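Chemist: Prediction below, plus the sequence it came from.
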Amino acid sequence: METNDQNKHGIAQFAALKTAIANGEEVLVKDLVSNGPMLDIEKSYLIDLAKLHGNRTILMLLENVTLKE
């Protein structure tokens, strides 16, 4: 059951991160990415989303996120 809860938390956090990027909420993005590393595919997607919205600060925050190994 713990894995299921972890998956739900991860999905909810990813959704919150996408919304924060779309809304240009730099402080929230910074808080959400500080929770730890992410998968390469997640990072790539979020960087593309940030590029679409043109927020350099958010883009830099995402580029500095470490990747899960």
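Modeler: Cool, the structure landed.

Chemist: So what's the residue count around Ala16?
Modeler: Ala16 sits with 15 neighbouring residues when counted by other Cβ atoms under 10 Å. To be clear about C-beta, it is placed using only N, CA and C from the backbone, and glycine gets the same treatment.

Chemist: Test my guess that it contacts Asp31.
Modeler: No. Using Cβ atoms under 8 Å, Ala16 and Asp31 do not qualify as a contacting pair, with a distance of 9.7 Å.

Chemist: show me what contacts the residue sitting nearest the centre point of the chain?
Modeler: Geometric centre of the chain, nearest residue: Leu17, 4.6 Å, by Cα atoms, centre = their mean. Going by Cβ atoms under 8 Å, 6 or more residues apart in numbering, Leu17 touches 29, 32-33, 46.

Chemist: can we see that at 7 Å?
Modeler: 29, 32, 46 (Cβ atoms under 7 Å, 6 or more residues apart in numbering).

Chemist: Check it and give its pLDDT.
Modeler: Listed pLDDT for Leu17 reads 95.

Chemist: That one in helix, strand or coil?
Modeler: Look at Leu17: counting by DSSP: H, G, I helix; E, B strand; the rest coil, its state is helix.

Chemist: Could you measure from the residue nearest to Gly24 when sequence neighbours are not counted over to Gln13?
Modeler: Sequence neighbours aside, Asn55 is the residue nearest to Gly24 in space, at 5.3 Å (criterion: Cβ to Cβ, 6 or more residues apart in numbering). Using Cβ to Cβ, to the nearest Å, we find Asn55 at a distance of 19 Å from Gln13.
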